[in-house]
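Asks: Can you look at this prediction? I've put the sequence above it.
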Amino acid sequence: MSANSNRRSDEGGSRRYEAYRQFSEQLITATTAERVAELVVGNVCALLDAEASALMTVEPLAGSQEQNWLNLPSAGPWNTMPKAVQRCIMEFALDQCQPIAVADAQAFLSKLNLPPAPEIHNFIAFPLCSGPICRGVVAACNLRSEVESSENLREGLSIARLAAHALDRVSLAALRDRESRMFEAILERTNSHVAYLDCNFNFVVVNSTYERGCGHTREELIGRNHFEFFPNEENEETFTRVRDTGIPAEFREKPFEYPDQPDRGVTYWDWVLTPVKDERGVVEGLVLSLTDVTDSVCARNRVLSEERNRTRLAETLAIEVNHRMKNNLMMVAGMLSRQIREMTVSRDCASLLGTALARLRSIAAVHAQLYEARTDKVELLDACRRIAHESCEAFSAGDIDVAVDGKEVWYASNIATSLCIVSNELMTNAIKHGGVDADGRRRIRIEVIPESELLRLRIWNSGNPVPRDFDVSRCQTLGLQLAREIAVGQFGGALHLHPEDSGTTAEVILSGESLGEVAANPTRGM
């Protein structure tokens, strides 16, 4: 080979190397698939010493109306071929997934039953493969050198690899850009205050809601520490625990005061702190999502405060009603007692007036306890003591020895009132019909016996025992009829009178279930 030939060969090699270098640099700076396609089509001819080139991508480029469309030069042999032929050449290389060099283009087209393309003498095609992913095909036609030469194959493979990597890079960048826009759109359209922090709790991203709500601009926040703006030892411990354990934390209506904005007062927040982990499960950041619930908490607190005020008012009114009711009943009882003392009446009339007086005083005793206890419950044992005292006063029976024993038991006022009426009627019956014992003393014993499933109310009087077959249901006295109506009719219990210890015992037995049912339905116990 002559010196001139060697020199021309070296010069040609240098030009191709420089063209290849520039092509590589241009691909590195390409930011879109369209730009990559433009660079490949524009440089393949120079790098392979070909007349024309073309590129087909598997995914459509922006603005393309057809998928897998060819990015062709403005003129040249490729433009004169039917589209079917263009596609066939490209798709054949794509299917083979390896370089194809064809020295006789017409024979190749004939073998595939395709129309002839006399303007195409030879061609070479390379799939744009990056690992298992094939992005498309680049082809060149009418090469001036031997199309199947190792140099052309080597150059073509290098071009294809560079183009495939460039398409991968811009595709990934486009995907990240889409994800970023989608992420930003989601962040900006949520009502929650959202911030992304790194593992040192520095702000990386905040949405507009967070920016407006915290009182600082995005520029002030990004890159600076969360607790520089919002110092809180308890919250910092929570952030540290979530970062170190990878376990999310969630709080409801957590109070917070802005140190630099005291005029906002106490605010309340629902917030979730979620760790973001990499593919190895290592925490690489935290997402803080907050919802301001201050208005709803304050509204609920106002309602609760108003409800408490109404409850206190109702309790005050109830106490006042009980006080006035007790005073009115005692005033009527006092007037009736005075009439009994000042009038000359028959024994029967005095008994009736005494019974009425005892009933008034027993109900007054219930209201007195309600007033004193300032509650809507009555303690039955204490109420029975009061009733026993008032009954003896009503009948001027101060000579009777009365003992009240048992255990304390509390009932709602509607239940206790009915039980006190029963106690008063049986106490009145014991005063009227009892007698003296062997010692010549008149005695009455009241027992309140609460058991696990029952309540027993027993009133014993000395003397004049009833017959063993005494039937309360056949008794015509108003007091026993009233006591039976309450015990049996209202509470579904039982009332028995039987002789005991040379006297008479009246026993009321009520089930706990029945008393509970009356408590749930107060009108039954009235």
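Replies: Great, that's in hand. Note that the structure is a prediction, hence the values are computed from the model and not measured. Numbers count the residues shown, from 1 in each chain.
Asks: what's the neighbour count on residue 182?
Replies: Neighbours of residue 182 under the rule other CB atoms under 10 Å: 10. (Each C-beta comes from the backbone N, C-alpha and C, glycine too.)
Asks: so it sits in a strand?
Replies: No: under DSSP: H, G, I helix; E, B strand; the rest coil, residue 182 sits outside any strand and is assigned helix.
Asks: Can you give me the pLDDT of it?
Replies: The model reports residue 182 with a pLDDT of 76.
Asks: Distance from the chain centre to the helix or strand encompassing residue 89, please.
Replies: Per DSSP states H and E, residue 89 falls inside helix 83-96. Computed by CA atoms, centre = their mean, to the nearest Å, the chain-centroid distance of helix 83-96 equals 58 Å.
Asks: Paired strands for whichever helix or strand comes after that helix, with orientation please.
Replies: Using DSSP H and E, the helix or strand that follows helix 83-96 towards the C-terminus is strand 100-102. With DSSP bridges as the test, strand 100-102 is paired with strand 123-130 (antiparallel).
Asks: what angle separates the helix or strand that the strand it pairs with is followed by from helix 83-96?
Replies: Downstream of strand 123-130, the next assigned helix or strand under DSSP H and E is strand 133-141. Counting by axes from the mean of the first three to the mean of the last three CA atoms, to 10 degrees, strand 133-141 lies at 130 degrees to helix 83-96.
Asks: Pull strand 133-141 out as PDB, backbone CA atoms only.
Replies: Below are the C-alpha coordinates for strand 133-141, written out as PDB (Å, rounded to 0.1, in the frame of the first residue of the first chain):
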ATOM      1  CA  ILE A 133     -35.100  -4.500  26.700                       C
ATOM      2  CA  CYS A 134     -35.100  -3.600  23.000                       C
ATOM      3  CA  ARG A 135     -36.000   0.000  22.300                       C
ATOM      4  CA  GLY A 136     -36.100  -0.200  18.400                       C
ATOM      5  CA  VAL A 137     -33.900  -0.600  15.300                       C
ATOM      6  CA  VAL A 138     -31.400   1.700  13.500                       C
ATOM      7  CA  ALA A 139     -30.600   0.900   9.900                       C
ATOM      8  CA  ALA A 140     -28.400   2.400   7.100                       C
ATOM      9  CA  CYS A 141     -28.500   1.600   3.400                       C
END
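Asks: Flag every buried residue along that strand.
Replies: For strand 133-141, burial by neighbour count (16 or more other CB atoms under 10 Å) applies to 134-141.
Asks: Which elements pack onto that strand?
Replies: With contacts taken as 3 or more CB pairs under 8 Å, 6 or more residues apart in numbering; DSSP states H and E, strand 133-141 sits against helix 33-48, strand 52-57, helix 83-96, strand 123-130, helix 150-188.
Asks: Pairing partners for it, with directions?
Replies: Strand pairing for strand 133-141, using DSSP bridges, gives strand 52-57 (antiparallel), strand 123-130 (antiparallel).
Asks: With distance to residue 291 added, can I get those in a markdown table?
Replies: Below are those laid out as a markdown table (distance: least, CB to CB, whole Å):
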| stretch | distance to residue 291 |
| --- | --- |
| strand 52-57 | 45 |
| strand 123-130 | 44 |
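Asks: and the residue nearest the centre of the chain, how far is that from residue 269?
Replies: Centroid-nearest residue in the chain, with CA atoms, centre = their mean: residue 252, separated by 8.6 Å. Distance, residue 252 to residue 269, using CB to CB, to the nearest Å: 9 Å.
Asks: Which SSE is immediately downstream of the lowest-mean-pLDDT helix or strand in the chain?
Replies: Ranked by mean pLDDT, DSSP states H and E, the weakest helix or strand in the chain is strand 70-71, scoring a mean of 52. Later in the chain than strand 70-71, the nearest helix or strand by DSSP H and E is helix 77-80.
Asks: for that following helix, the distance to its chain's centre please.
Replies: Centroid separation for helix 77-80 versus its chain: 66 Å, with CA atoms, centre = their mean.
Asks: Now do that helix, average pLDDT.
Replies: Here the average pLDDT along helix 77-80 is 77.
Asks: Format the buried residues of strand 133-141 as a markdown table; extra columns: distance to residue 377.
Replies: As requested, the buried residues of strand 133-141 are arranged in a markdown table below (distance: CB to CB, whole Å):
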| residue | distance to residue 377 |
| --- | --- |
| 134 | 85 |
| 135 | 83 |
| 136 | 87 |
| 137 | 91 |
| 138 | 93 |
| 139 | 97 |
| 140 | 100 |
| 141 | 103 |
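Asks: and which of those residues is nearest residue 259?
Replies: Distance to residue 259 across these (CB to CB) is lowest for residue 135, with 55.0 Å.
Asks: per-residue confidence for the closest one?
Replies: As predicted, residue 135 sits at a pLDDT of 82.
Asks: list the contacts for it?
Replies: By CB atoms under 8 Å, 6 or more residues apart in numbering, the contact list for residue 135 reads 57-59, 128-129, 163-164, 167-168, 171.
Asks: Quick check on the residues you listed: which are buried?
Replies: By 16+ other CB under 10 Å, the contacts of residue 135 give 57, 128-129, 163-164, 167-168, 171 as buried.
Asks: Taking those together, which two end up most distant?
Replies: 129 and 171 (13.9 Å).
Asks: Pull out the buried positions in stretch 95-113.
Replies: 99-102, 105, 108-109.
Asks: Kindly present the residues you listed as a markdown table, with separate columns for pLDDT and distance to residue 89.
Replies: Formatted as a markdown table, the buried residues of stretch 95-113 follow (pLDDT from 0 to 100; distance: CB to CB, whole Å):
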| residue | pLDDT | distance to residue 89 |
| --- | --- | --- |
| 99 | 89 | 13 |
| 100 | 88 | 9 |
| 101 | 91 | 12 |
| 102 | 90 | 8 |
| 105 | 90 | 9 |
| 108 | 90 | 8 |
| 109 | 89 | 8 |
